[in-house]
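>>> Sequence and computational prediction follow.
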Amino acid sequence: MSILSGQRIGYIRVSSFDQNPDRQLESVRLDRTFIDKASGKDTNRPELEKLLAYIREGDAMGVHSLDRLARNLDDLRRIANSLTSRGVRVEFVKENLVFTGEDSPMANLLLSVMGAFAEFERAIIRERQREGITLAKAKGAYRGRKRALSEVQVADLKSRLAAGESKTKLAQEMGISRETLYQYLRNGAI
């Protein structure tokens, strides 16, 4: 990131809670960082919304790569254009791309092409994943994801819920999301 009149703001997104966000902008000096732990396809990214409300003209926003900011081209262009039209410099570290709003037609084309490649790559990964699961199922080797709770834990959860304990508190204590707890409820496991 280059010298600016404003702050250097970083945006980091990891897809799951066990991924390490530190590696994305580790070599970039930042004044403030916003970190979302959500899938790129998820439109509910509260830290990105906070960043968009916080960032000001003259600031620079650093992102590790195009796919960390958005997973589809329309979203990428919308966010980048929104920021640059407000006088914010947008920098993608991995691709070594910088957008300021005063970009040439070639820079805009490059953003579109690189964004389209990132979107295409993600689609190919999903397609290969689906094909792999289909093949594994045909061979009887795919059993799905391992259950988050053992039978003993499910029994404990059931009795504690019957006693009136908070679902949120129980989910936190057992290291599962509330959605996972509700899936157990919907599937009749509890």
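Received the coordinates, thanks. Source: prediction; values computed, not measured. Numbers count the residues shown, from 1 in each chain.

>>> Would you check that my belief about residue 98 contacting residue 91 is correct?
Yes. Counting by C-beta atoms under 8 Å, residue 98 touches residue 91, with 5.0 Å between them. Any C-beta I mention is one placed from the backbone N, CA and C, and that applies to glycine too.

>>> neighbour-wise, which of the two wins?
Each of residue 98 and residue 91 has its neighbours counted (other C-beta atoms under 10 Å); residue 91 has more, 19 against 15.

>>> Pairing partners for that one in the sheet, please.
For residue 91, the beta-bridge partners under DSSP bridges are residue 62, residue 98.

>>> Identify the residues contacting it.
Going by C-beta atoms under 8 Å, 6 or more residues apart in numbering, residue 91 touches 1, 60, 61, 62, 63, 97, 98, 99.

>>> now do 10 Å
The contact partners of residue 91, taken as C-beta atoms under 10 Å, 6 or more residues apart in numbering, are 1-2, 8, 10, 28, 60-63, 97-100.

>>> I'd like the distance between it and residue 64.
For residue 91, the distance to residue 64 (C-beta to C-beta, to the nearest Å) stands at 10 Å.

>>> The protein - how does it break down into domains?
According to automatic domain parsing, the chain comprises the domains 8-116, 151-186.

>>> can you map out the helices along this structure?
With DSSP state H as the criterion, the chain has helices at 46-54, 66-69, 73-85, 105-138, 151-162, 167-174, 178-186.

>>> Where among the ones you listed is average confidence lowest?
If you rank these by mean pLDDT, helix 178-186 sits at the bottom with a mean of 80.

>>> got the angle for that one vs helix 151-162?
90 degrees (axes from the mean of the first three to the mean of the last three C-alpha atoms, to 10 degrees).

>>> Next, count neighbours for residue 170.
16.

>>> Look up how far residue 150 lies from it.
As judged by C-beta to C-beta, residue 170 and residue 150 stand 15 Å apart.

>>> Can you name the residues that contact residue 74?
Residue 74 makes contacts with 115, 119, as judged by C-beta under 10 Å, 6+ apart.

>>> Then residue 176?
148, 149, 153, 157, 170, 183, 184.

>>> distance of the fifth one from residue 155?
Look at residue 170 and residue 155: by C-beta to C-beta, they are 13 Å apart.

>>> repeat for the last one
With distances taken as C-beta to C-beta, residue 184 is found 11 Å from residue 155.

>>> Now for residue 125, how many residues are close by?
10.

>>> same check, this time on the one 10 residues further on
The tally of other residues near residue 135 (other C-beta under 10 Å) stands at 11.

>>> Likewise for residue 7?
15.

>>> Surely it touches residue 34?
No. Using C-beta atoms under 10 Å, residue 7 is not in contact with residue 34; the gap is 11.9 Å.
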